[in-house]
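[1] what's the 3D shape of this:
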Amino acid sequence: MFSTTNYFKIGLFVLLGLAAAFATAVAFGANQVERQTLAYATYFNESVQGLDLGSPVKYRGVTIGTVAAIEIAPDRRHVQVVAELDLEGIRRLGLTETSPPGEAGSVRFSVPPDLRTQLQSQGITGMKFLAIDFFEVETTPLPALPFETPSNYIPAAPSLMKNLEDSIVRAADSLPEMGQQISSALNHIDVMLGQLQDENLAEKTVATLANMNEMLADLQGTVKGINQAKIPEKAASTLAKMDTVVSRLDGVLLRFGGDDGLVASATRATDAFGEVGRSAHGTSRELDATLREFREALEAVRDVFESLDKEPDMLIKGRAGKKQP
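    A predicted model of the protein is given here:
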């Protein structure tokens, strides 16, 4: 038994599908109309294979626009890529600036001096996108373009593949020079080895090592002789004796400078002579006393010299103390 086809349900399903598709198209179109964008151009001195219209433009991974046009630059060497950047997105990133005088209501994209655009690949599929980021100005300077750039211009930075390709090309170009340098170095090494062979350097080295061994043996014998002669102990004993002599000499100097020393005795004698001079204008009795004191002083000096004649080492031993009665 066959069931009848319900054409009403089929027609209703088709109508609902068409209405949903129309609503989606209208919503998408309204979104595109309301979305404000800023168009900026970049010029690449490399292949943009894999970059298509509609490819994303990202700022450190955040999508802020799409690729709107890919054309040949005026010099027919560079590739011009125009990107439409979302105004709301770049405003959130703080990359907008106020409108200039005479352009009320307009907003321009602020291009810092170290901002660059670079081609990057998505995974292993080969699809490329534009990446906007900051680079070091010293390592990534502004590219020199043979034509005038527009006001809406973002400088380009070489991609990783371009840098790798340039490095390989530079290495390949330097291979012949490197080969010549290696060949020259090998020739120098060959000449040096020939000279060493001609001068019998190996035999001379052996003889030198043998002489060094003999010298070390002699030095070892000398050290052993020093140890056997106990020279370090004798040196220590000599230093001790020198210390004793210095101590005695210090005592002698103290005796010279003491109250009973030779310097004090000479000072007293000089004072006595001075007293004689001061008393020369006094009375005769004072003169007699002065002459008597002068005689006593001379006798004291004579006693000192007689004592020195009898005991020459009195200066070292010192004057013996007087015995108590």
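[2] mind listing what A83 touches?
    Contacts for A83 (Cβ atoms under 8 Å, 6 or more residues apart in numbering) come out as 39-42, 57, 65-68, 117, 130, 154. Quick note: C-beta positions are derived from backbone N, CA and C, even for glycine.
[3] can you classify T42 by secondary structure?
    Judged by DSSP: H, G, I helix; E, B strand; the rest coil, the three-state class of T42 is strand.
[4] that one and I154 touch, don't they?
    Yes: between T42 and I154 there is a contact under Cβ atoms under 8 Å: 5.1 Å.
[5] which one's more surrounded, those two?
    T42 (26 against 20; other Cβ atoms under 10 Å).
[6] can you pull the contacts of that one?
    80-83, 117, 130, 153-156.
[7] which SSE is D250 in?
    Element membership of D250 [criterion: DSSP states H and E] is helix 231-257.
[8] what pLDDT, on average, does that helix get?
    Computed over helix 231-257, the mean pLDDT rounds to 69.
[9] numbering from 10 from now on, please.
    Renumbered: residue one is now 10, and that last one reads helix 240-266.
[10] for the longest strand along the chain, which strands pair with it and how are they oriented?
    For the chain, the strand with the greatest residue count under DSSP state E is strand 71-81. Strand 71-81 pairs in its sheet with strand 65-68 (antiparallel), strand 88-95 (antiparallel), by DSSP bridges.
[11] and those: which comes nearest E305?
    E305 lies closest to strand 65-68 among the strands paired with strand 71-81, at 118.6 Å (Cβ to Cβ).
[12] buried ones in that closest one?
    65-68 (16 or more other Cβ atoms under 10 Å).
[13] pick the one among the residues you listed closest to P83.
    So of the buried residues of strand 65-68, ranked by how close each gets to P83 (Cβ to Cβ), first place is V66, at 22.6 Å.
[14] so which of the contacts of A92 comes closest to N236?
    The nearest one, if we look at the contacts of A92 relative to N236 and count by Cβ to Cβ, is T126, at 82.7 Å.
[15] could you report the neighbour count for the closest one?
    With other Cβ under 10 Å as criterion, T126 counts 21.
[16] helix, strand or coil for it?
    Strictly by three-state DSSP, T126 counts as strand.
[17] ok, which stretches of the stretch 110-259 of the chain are strands?
    Applying DSSP state E, counting those that start in this stretch to the stretch 110-259 of the chain gives strands spanning 117-118, 124-130, 137-143.
[18] could those strands go into TSV alongside distance to I198 and mean pLDDT?
    Formatted as TSV, these follow (distance: least, Cβ to Cβ, whole Å; pLDDT from 0 to 100):
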stretch	distance to I198	mean pLDDT
strand 117-118	61	66
strand 124-130	46	92
strand 137-143	49	92
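[19] dump those into JSON lines; add distance to G260 as well.
    Below are those laid out as JSON lines (distance: least, Cβ to Cβ, whole Å):
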{"stretch": "strand 117-118", "distance to G260": "100"}
{"stretch": "strand 124-130", "distance to G260": "92"}
{"stretch": "strand 137-143", "distance to G260": "87"}
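[20] of all the ones you listed, which one comes closest to D252?
    strand 137-143 (78.4 Å).
[21] show me what the closest one pairs with in its sheet, parallel or antiparallel.
    strand 65-68 (parallel), strand 124-130 (antiparallel).
[22] looking at the ones you listed, which is nearest to P155?
    strand 124-130 (18.9 Å).
[23] residues making contact with the closest one?
    Contacts for strand 124-130 (Cβ under 8 Å, 6+ apart): 51, 53, 55, 57, 59-60, 90, 92, 136-144, 149, 163-171.
[24] show me where this protein has its helices.
    16-43, 96-101, 169-207, 210-237, 240-266, 271-287, 293-319, 323-326 (DSSP state H).
[25] that older thread, dump the strands paired with strand 137-143 into TSV; add distance to K18 as well.
    Formatted as TSV, the strands paired with strand 137-143 follow (distance: least, Cβ to Cβ, whole Å):
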stretch	distance to K18
strand 65-68	42
strand 124-130	49
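[26] wait, which of the ones you listed is closest to R179?
    Judging the strands paired with strand 137-143 by Cβ to Cβ, what sits closest to R179 is strand 124-130, at 20.2 Å.
[27] which one, of the strands paired with strand 137-143, ends up nearest to E223?
    Using Cβ to Cβ, the nearest of these to E223 is strand 124-130, at 72.1 Å.
[28] quick revisit: rank the helices of the chain by mean pLDDT and give me the bottom one.
    helix 323-326 has the lowest average pLDDT among these, namely a mean of 56.
[29] how close does L307 get to D297?
    16 Å (Cβ to Cβ, to the nearest Å).
[30] do the same with V90
    Taking Cβ to Cβ, one finds V90 at 135 Å from D297.
[31] now swap in T33 and tell me
    153 Å.
[32] go on, E208?
    With Cβ to Cβ as the criterion, E208 and D297 are 105 Å apart.
[33] ok, now A194?
    Applying Cβ to Cβ to A194 and D297 gives a distance of 113 Å.
[34] which residues pair with the closest residue in space to T46 that isn't next to it in sequence across the strands?
    Among residues not flanking T46 along the chain, E93 sits closest, at 4.1 Å (Cβ to Cβ, 6 or more residues apart in numbering). Under DSSP bridges, the beta-bridge partners of E93 are A48, T75.
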